[in-house]
Every structure is written in structure tokens, then in C-alpha cells.
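Undergrad: sequence plus the predicted model coming up.
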Amino acid sequence: MTAPSPDRTDLRAPRWRGYAEAARVSAVLRKEAVGGALLVVAAVAAIVWANSPASEGYFALRDFRFGYEPWHLELSLGAWAADGLLAIFFFLVGLELKRELVVGDLRRFSTAVVPVTAALGGVAVPALIYVAVVRGQEGLAQGWAIPTATDIAFAVAVLALVGSHLPSPLRIFLLTLAVVDDLIAIGIIAVFYTEEIAVLPLVVAAGVVAVYGVVAQRYRSLFANRPFAAWLVLLPIGFVAWAFLHASGVHATIAGVALAFTIPVKPARGATDGPRATDLAHEFEHRFRPLSAGFAVPVFAFFAAGVAVGGTDGIFRAATDPVALGIVAGLVLGKPIGILLAVRTLTLVTKIRLHPALRWVDMLGVALLAGIGFTVSLLISELSFSAASTEGDDAKIAIMIASLLAALIASGLLASRNRRYRQIAAAEAIDDDGDGTPDIYQDAPRAEMRTTE
């Protein structure tokens, strides 16, 4: 065998280094904490720019329009981010939903009923609180759905940062709760924020989604083996479906969920190994999460979070605006109250019980985390109020304040619980008195001891 020529080696080395670097970046972006951090950085950058002497540049960039008007696609950059890029985020949400429904916890009633009930309570109570706060104010009730959403990426990122030793069922509960919450938010957007539907584009969009699903099912081996095939084949079909759904009047992000639901999860009939047995939904989620976490969601946050506060007067106005008060009360108070009340009622009136590893104080921490409503709440606020209205600006300010408060309060509680679980975990390997029971358990409640069994 002859050695490769120096020229060939030199050509291949940089290419390999570039691939390895891209793989490292993708792996970093799949980490929940990184995605949450990028989201915060993008939002802070938008707020700073929008309130700086160069603020005109920010709003000119956000409102810059381009696209093909005959197809109703001449949109501003902000609209492209909200309607287009966020469809990538909802595509991943759809993949998670389908996997949970087909092979995950949501396929079994016994494991799904608690987080589903919690999600329903976490949607209903914040909405009721918001409506009660803005009662009698004309035109404000239309923002009732703003405090109902949970930002799954942000909430899970906070839990990852402070919850290294928390019981694993707690994280599963939060994930399932957030996924169901997103499903409810998708339904709310589709039903309550669609003013007029054009039937023909909607029918065409449904047909294109069906074609997308047939291609994904029929050629799953191709898409599993060749990553670029999805970009060359499925992406154009998906864009056509998105464009027709946008033209129909239904919010175009719903296209992401509809397309995701056509991706196969279970192996093809009769396949036990090889590409036809691949969980393509999981494969796509792995591939596209860096794009969503590292680009799509931060760019949306950048264009959605930029609000001209207006100095001290603007802060005072926002602090006294019923919209802002309703959103903050709904997210910070309504979410934990709704979640805990719903789950407690379920355990009282039925024989269903929490997982043995879950304590009510831990559930409170997760319920507080659910008050982080950043991404989807910002989207619903844009659908509820016009971009030029003070209500729309105050709603965005309130979402960011409420999300920050929820994150800080939940982090404090969960960090305290995490220290307790870390002590218990460390004590498992230390038994000074030789009686077979770690000393720290001597004063621990029996119920808490069972969390480590």
C-alpha cells in the first residue's frame, strides 16, 4: 500500500478538523443550559439595543421587509423570525410530542395522567388570574393566553443548572408537563388566534404535509443514512407546506408540528435492525436541535424582546398596566398554584399517587419553573396585541420580568433541595458507626429516605 501524497493529506486534514469542530459546536448546542443561555443573551442584547441611542437601527432592522408578495410572503424580519424560524422550534416540539405519545410516558394513562392534569391546571389558573386582573378594561382580555405557556428550553436549562442531584422523575415530570403545555399552547394558537381561514390554501397545505409524510416514511433509510438528504428533499416540501399554511391564515408555526407528526418513530413493519428500524424522529431531533437552540429561538427572541422601555416613566407605566400585572401574576403565582392544585385534587379524588421519589416541596420548585413562559408567551403576546401598542410592549416587559422572577425563586428552592439530595447521595457511601445506615439518614424523614432507594 502506498502512502497518500502530501498534497492529498493537506487537503483532507483541514476538512476533518472543520468537521470535528462543527460536531463539537453541535454537541454544545444540544445542552439545555447552553440553549437557555443563548436565549437570555439574545433577549438582553435586544433590550439594550432597543433602549440605546442607536435604537432606530434596531427597529429598522426588525421592520425591514422582504419576500414574494403574491404568495403573501413579503414579511418583516421580525415576522420571518416569529412565523418562519419558530416553526423549527415547533417542529422539534412536535417530534417530542409524537415520541411521547407513541413510545414515551404519554402512551400510558397511569404515567401520563399526573403531568397532563398538572399542565391543564397550569394553563387554566393563570388565564383566570389574568382575566380577573384586566376585567373591565376594553380590549385587554384577548391576552388571556399569554401567561399560560411554559418555555421548555428555558425551564429545563434552569433545572439542569441547579438540579444535578434531584430525583430523575422530577426532570421527567417537568419535561412531560412542558411538552403537554406546548401542545395546549399550539391548540390555543390554532383555535383562538386564527381570525380568518382561506380554505383552498389550507387544503393544499394538508396535501403537501401528507406528501411530506409519505416521503419520510417511504425513504426513511435514505434520510437515516444521508443527513443532507433531508435538507435537499424534505426541507423544500416542508417549506411549501409552511407557505400554504401561512397563506391560509393559520399561524404558520403549526406547520412545524404537523410535519413533525408525520416523521416515523417506530421501526418499519418487519424491520428489526438497520436503517429501516431507525427511530427517525429521534434522529431528526438530534440533528436539528442545535439549529433550533443555537439560531432559530435566539433570533426570534432577539426580534421579539426588543422593547423601548421609555425610561422611568415607561417602567412606571408598565408596572401599573393591568396587562403587565395580569401576566406577572399569572406566570409567577398562577402557574404553581394551578399545577399543585390540579395534582393535589387528582390525588385526593382518585387512587393515583405521585412517584415515590417525588416530594411536594420538589413539585413546588418545578411548578415555579413552569412560570418561565418566555418563547411561546412572547409569540402569543405578538398575536394578542399589535407591535405598535403600549399593551404589546408592556406584555413583553412583563413576560421577561415574570420569567426572571420565576427562574430565580425556583432556582433558590431547587438549589436548596439539591444540596439536601447531594448530602444524602454522599452519605450512602459513608457509614461511620458501622450499622449499615448512613449517618445522615438518622435525622432524615422516612419518606425522604425512600428517594434514594
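TA: It's in. Residues are numbered from 1 along each chain as shown.
Undergrad: how near is the closest residue to residue 68 other than its chain neighbours to residue 202?
TA: Once flanking residues are discounted, residue 68 sits nearest to residue 74: 6.6 Å by C-beta to C-beta, 6 or more residues apart in numbering. Quick note: C-beta positions are derived from backbone N, CA and C, even for glycine. Computed as C-beta to C-beta, to the nearest Å, the residue 74 to residue 202 distance reads 20 Å.
Undergrad: of these two, who's got more company?
TA: Using other C-beta atoms under 10 Å, the more surrounded residue of residue 74 and residue 202 is residue 202, with 16 against 12.
Undergrad: residue contacts, the residue nearest to residue 68?
TA: Counting by C-beta atoms under 8 Å, 6 or more residues apart in numbering, residue 74 touches 65, 66, 67, 68.
Undergrad: just residue 243 next, same as before
TA: Contacts of residue 243 (C-beta under 8 Å, 6+ apart): 71, 73, 252.
Undergrad: element containing it?
TA: Assessed by DSSP states H and E, residue 243 sits inside helix 235-248.
Undergrad: pLDDT on the helix or strand following that helix, on average?
TA: Per DSSP H and E, the first helix or strand lying C-terminal to helix 235-248 is helix 254-260. Mean per-residue pLDDT for helix 254-260: 92.
Undergrad: how about stretch 48-64, which residues are buried there?
TA: By neighbour count on 16 or more other C-beta atoms under 10 Å, the buried set for stretch 48-64 is 49, 50, 51, 58, 62.
Undergrad: so the third one sits against residue 315, correct?
TA: I take that to be residue 51. No. Shown here, residue 51 and residue 315 do not form a contact pair, counting by C-beta atoms under 8 Å, at 10.8 Å.
Undergrad: so what sits against both of these two?
TA: Here residue 51 and residue 315 share the contacting residues residue 309, scored by C-beta under 8 Å, 6+ apart.
Undergrad: give the contact list for residue 410.
TA: Residue 410 neighbours (C-beta under 8 Å, 6+ apart): 158, 365, 366, 368, 369, 371, 372.
Undergrad: what's the nearest residue to it if we skip its chain neighbours?
TA: In this structure, residue 410 finds its nearest non-sequential neighbour in residue 368, 3.7 Å apart by C-beta to C-beta, 6+ apart.
Undergrad: tell me where the longest helix sits in this protein.
TA: Longest among the helix segments of the chain by residue count, using DSSP state H, is helix 390-427.
Undergrad: got any ranges where the stretch 1-150 of the chain has weak pLDDT?
TA: When residues are selected by pLDDT under 70, those of the stretch 1-150 of the chain lie in 1-33.
Undergrad: quick one, which of the contacts of residue 243 are buried?
TA: Buried by 16+ other C-beta under 10 Å: 73, 252, out of the contacts of residue 243.
Undergrad: how about low-confidence regions in the stretch 201-350 of the chain?
TA: Applying pLDDT under 70 to the stretch 201-350 of the chain flags the ranges 268-277, 311.
Undergrad: where do the helices of it begin and end?
TA: Secondary structure of the stretch 201-350 of the chain (DSSP state H, counting those that start in this stretch): helices located at 220-225, 227-229, 235-248, 254-260, 280-291, 297-305, 311-320, 322-328, 335-349.
Undergrad: mind putting those into JSON lines with distance to residue 178?
TA: Putting the helices of the stretch 201-350 of the chain into JSON lines (distance: least, C-beta to C-beta, whole Å) gives the following:
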{"stretch": "helix 220-225", "distance to residue 178": "27"}
{"stretch": "helix 227-229", "distance to residue 178": "28"}
{"stretch": "helix 235-248", "distance to residue 178": "24"}
{"stretch": "helix 254-260", "distance to residue 178": "15"}
{"stretch": "helix 280-291", "distance to residue 178": "15"}
{"stretch": "helix 297-305", "distance to residue 178": "14"}
{"stretch": "helix 311-320", "distance to residue 178": "27"}
{"stretch": "helix 322-328", "distance to residue 178": "19"}
{"stretch": "helix 335-349", "distance to residue 178": "11"}
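Undergrad: nearest to residue 144, out of those helices?
TA: helix 322-328 (8.4 Å; C-beta to C-beta).
Undergrad: pull the residues that contact the closest one.
TA: Here helix 322-328 makes contact (C-beta under 8 Å, 6+ apart) with 129-134, 137, 140, 143, 146-147, 318-319, 377, 385, 391, 394-395, 397-399, 401-402, 405.
Undergrad: let's go with 7 Å and repeat that
TA: If you take C-beta atoms under 7 Å, 6 or more residues apart in numbering as the criterion, helix 322-328 is touched by 129-130, 133-134, 137, 140, 143, 146-147, 318, 391, 394-395, 397-399, 401-402.
Undergrad: that older thread, now the buried residues of stretch 48-64 in TSV, with distance to residue 102?
TA: Below are those laid out as TSV (distance: C-beta to C-beta, whole Å):
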residue	distance to residue 102
49	43
50	43
51	46
58	43
62	39
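Undergrad: name the nearest of the residues you listed relative to residue 215.
TA: Lowest distance from residue 215 to the buried residues of stretch 48-64 (C-beta to C-beta) belongs to residue 62, with 35.5 Å.
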